[in-house]
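Chemist: from the sequence below, what's the structure:
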Amino acid sequence: MRWRKATQDDAVALEALIESAYRGDASRAGWTTEADLLGGNRTSVDMLLATLEDAGQTILACDDAEGLLATVTVERRDGYGYIGAVSVRPTCQGQGIGRDLLVQAERLIEEEWKLERARMTVIAQRPELIDWYARRGYRDTGETAPFPYGDARFGAPKRDDLYFIILEKALAV
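Modeler: Prediction:
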């Protein structure tokens, strides 16, 4: 496996990987699927290109012999690094690659950006995912954020009770 920062040339492959990890039938091969909660797209090439052009964001990528294996987006925010779109090829989930993605994202936040905290939002209706992050040191802050109903960039909700919880991990800067 090879870790690197993604480039604009990766946008199509990033979109395919993220979509396969979260949405549609392909996502059901792994355990991180949101297919029962959300339809529609998780991202787009245009959204990814905008992220890649933003100096405050970095998309980390991991390749194996078959191509793009995993990716995570890291955004520098006021006082913390935000981790999002943690994605592993569905047929390779459960092998420790997601854990390695978090380590790479946390290293960037801590060593390059010199920030002391990592944060993320997780759909509250995903207790197995929240538990997985808790085993990696992320704690529920007690804060929540509303789900952006009506914003097609976040997909097509299949339920009307979705919201996010905010998780945080202290880093040793």
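
Chemist: spatially nearest residue to the residue most central in space within the chain, not counting backbone neighbours?
Modeler: Centroid-nearest residue in the chain, with Cα atoms, centre = their mean: A85, separated by 1.9 Å. Nearest residue to A85, sequence neighbours excluded (Cβ to Cβ, 6 or more residues apart in numbering): T73, at 4.5 Å. Every residue, glycine included, has its C-beta placed from N, CA and C.

Chemist: distance check, that neighbour against L49.
Modeler: 13 Å (Cβ to Cβ, to the nearest Å).

Chemist: need the contact partners of the lowest-mean-pLDDT helix or strand in the chain.
Modeler: Every helix and strand in the chain was compared by mean pLDDT, DSSP states H and E; the lowest is strand 38-39, with a mean of 90. Contacting residues not belonging to strand 38-39 are listed as 22-23, 154-158, 162 [Cβ atoms under 8 Å, 6 or more residues apart in numbering].

Chemist: identify the bridge partners of the residue nearest to A85.
Modeler: I59, G84 (DSSP bridges).

Chemist: repeat for T121
Modeler: Listed beta-bridge partners, T121: I166 (assigned using DSSP bridges).

Chemist: residues contacting it?
Modeler: T121 makes contacts with 84, 145, 164-167, as judged by Cβ under 8 Å, 6+ apart.
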